[in-house]
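# need a 3D model of the sequence below.
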Amino acid sequence: MIKREGTPQREGSPWTGVWAVVMKEMADHLSSVRMRLLEGLILLVAIGTVYAAIGTLRTTVSEDPFLFLRLFTVSRSEDRDLSFVAFLGFLIPLAGIALGFDAINGEHNRHTLSRVLSQPIYRDALLLGKFLAGLFTIAITMLALWLLVTGLGIFRLGVIPSGEEVSRGLLFLLATVAYAGIWLVLAMCFSVVFRQPATSALAAISVWLFFAVFWGIVADILIAIVRPAQVPGEDLVAVQWRIALARLSPNTLYGEMLAAFLNPNVRFLSPVLITQLEGAIRAPLPLSQSLLLVWPQLTGLISAVLLVFAVTYMYFQRQEVRA
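Residues are numbered from 1 along each chain as shown. Presented below is the predicted three-dimensional model:
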C-alpha cells in the first residue's frame, strides 16, 4: 500500500481499544461516589413510590388486567404526580449529566488525555467507549431497579406479571435508556466544548431545565407570534403547532412513550390530553400497536442521540490535545 505524504496512517481499526475503554470507565462509574449517591436516591424513590402504589392497587388485584404496569404510574389514588415514572423523569437526566459532564475535560485537567491517546487507542474509540460505558451503567442500574420493582410487586400483590406486561416493561426500559442517552451525550458534548467540568455541568443542567420548565412557555410565545390572529378554524392549527413544538423536547417524547408502553388504553397522544384520555377508551391496544403509536418518538429520540454524538465527535476530532 502506497503511503501518501503528509497523511497519517493508522495501524489497525479506528475502533481498537473501544471495549478496553468501556470496561475501565464502567468500573470507574460503578465504584464512584456520585453514582452510588444517585443509585441510593433512585432506590429510595422506587421503594417509596412502589409501596405507596401497592397500597392503592391491592383493592384492584382481581379487576385490573395490567396490574404490574400500574406499579410504575400510580402512587396514591388522589395524587398521581408522585408516581415512580414521575420521579424517574426527574432523576434520569441528572444521572446522565453526572456520568458525562467531565468525560473529556476531566482527562484534560488530569493531564491524562495525551497519555491515553499515545496508546493504541484513537479518539474515535475513546469517545465511543466513554459514551457506551455511561449508557451501559445506566442500563444496568435501570434493569436492576425494574427487577426490584417487579419482585416487590410479586411479593406484595401475590400475582405474576403476564408476558405482555414483561414486554411492555422492557420497552419502558429501552425508552428510559434512550432518554438517558440524550442527556449523557449532551453532557459529553459540553465536556468537549468547555475545559472546566463545573461549566459543562452547569450548561447541561441549564439545557435540561430549559426543556423541562421553560420550553412550554417559549412554544406558546412562538405560536402567538406565528399565528397572532384567531379566526374560526384556526384553533386546531394552533394546537397542532403546539404539539409539534412540544415534541422538540426530549421530555415530551419520553412522556409520550411512557404513556403508550405503560398504559395499553392509550390510543392516541397529546401533550395536553394524555391524562384526561387514559380512561376514555377501555379496550387495550396490543403491544405491537402501542409500539407503532410511539415509533416516531422512539426513533426521534435515538436520532437526536446520534446527531449530538456526531457533533461531539467532529468537535473532538478538531480539538488540540496537549500534554
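# worst-scoring helix or strand of the chain, pLDDT-wise?
Least confident helix or strand of the chain, by mean pLDDT, DSSP states H and E, is helix 274-277 with a mean of 46.
# so who does residue 25 touch?
129-130, 133-134 (Cβ atoms under 8 Å, 6 or more residues apart in numbering). C-betas here are computed from N, CA, C, even on glycine.
# 10 Å instead, please
Residue 25 is in contact with 99, 103, 126, 129-134, 136-137, counting by Cβ atoms under 10 Å, 6 or more residues apart in numbering.
# show me which positions of the one helix or strand it maps to end up buried.
In the assignment (DSSP states H and E), residue 25 maps to helix 18-31. For helix 18-31, burial by neighbour count (16 or more other Cβ atoms under 10 Å) applies to 18, 21-22, 25-26, 29.
# same deal with stretch 155-171?
In stretch 155-171, counting by 16+ other Cβ under 10 Å, buried: 156-157, 161, 164-165, 167-169, 171.
# ok, back up a step: just the contacts of residue 25: which are in strands?
Assignment to strands by DSSP state E places none of the contacts of residue 25 there.
# which of these sit farthest apart?
The distance between the two most remote of these (Cβ to Cβ) is 16.7 Å, for 126 and 137.
# quick check: residue 68 is in a helix.
Yes. Per DSSP: H, G, I helix; E, B strand; the rest coil, residue 68 lies within a helix segment.
# wait, it touches residue 156, no?
No. Because the distance of 11.3 Å does not satisfy Cβ atoms under 10 Å, residue 68 is recorded as not touching residue 156.
# joint contacts of those two?
Common contact partners of residue 68 and residue 156 (Cβ under 10 Å, 6+ apart): residue 57.
# re the thing from before, what average pLDDT does the helix or strand just after the least confident helix or strand of the chain get?
Sequence order places helix 287-293 as the next helix or strand after helix 274-277, per DSSP H and E. Averaging pLDDT along helix 287-293 gives 90.
# now helix 287-293: buried residues?
Applying a neighbour-count criterion of 16+ other Cβ under 10 Å, one finds 287, 290-291, 293 buried in helix 287-293.
# residue 195 sits in which helix or strand?
Using DSSP H and E, no helix or strand contains residue 195.
# tell me the phi and psi of it?
phi -90, psi -20 (degrees, to the nearest 10).
# my read: it touches residue 104, true?
Yes. Here residue 195 reaches residue 104: they are 9.2 Å apart, a contact under Cβ under 10 Å.
# kindly calculate the angle that the longest helix along the chain makes with helix 18-31.
Among the segments of the chain that qualify as a helix by DSSP state H, the longest is helix 123-157. Here helix 123-157 runs at an angle of 40 degrees relative to helix 18-31 (axes from the mean of the first three to the mean of the last three Cα atoms, to 10 degrees).
# for helix 123-157, packing partners?
helix 18-31, helix 33-57, helix 67-73, helix 84-100, helix 105-109, helix 113-118, helix 163-193, helix 295-317 (3 or more Cβ pairs under 10 Å, 6 or more residues apart in numbering; DSSP states H and E).
# export the third one to CSV, keeping only CA atoms.
In this case it means helix 67-73. The C-alpha trace of helix 67-73 is given here as CSV (Å, rounded to 0.1, in the frame of the first residue of the first chain):
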residue,chain,number,x,y,z
LEU,A,67,-51.7,-4.5,37.4
PHE,A,68,-47.9,-4.6,37.2
LEU,A,69,-47.8,-1.7,34.7
ARG,A,70,-49.7,0.4,37.2
LEU,A,71,-46.9,-0.1,39.7
PHE,A,72,-44.9,2.4,37.7
THR,A,73,-47.6,5.0,37.2
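# so for that helix, mean pLDDT?
Confidence for helix 67-73, expressed as mean pLDDT, is 82.
# thank you kindly, that will do.
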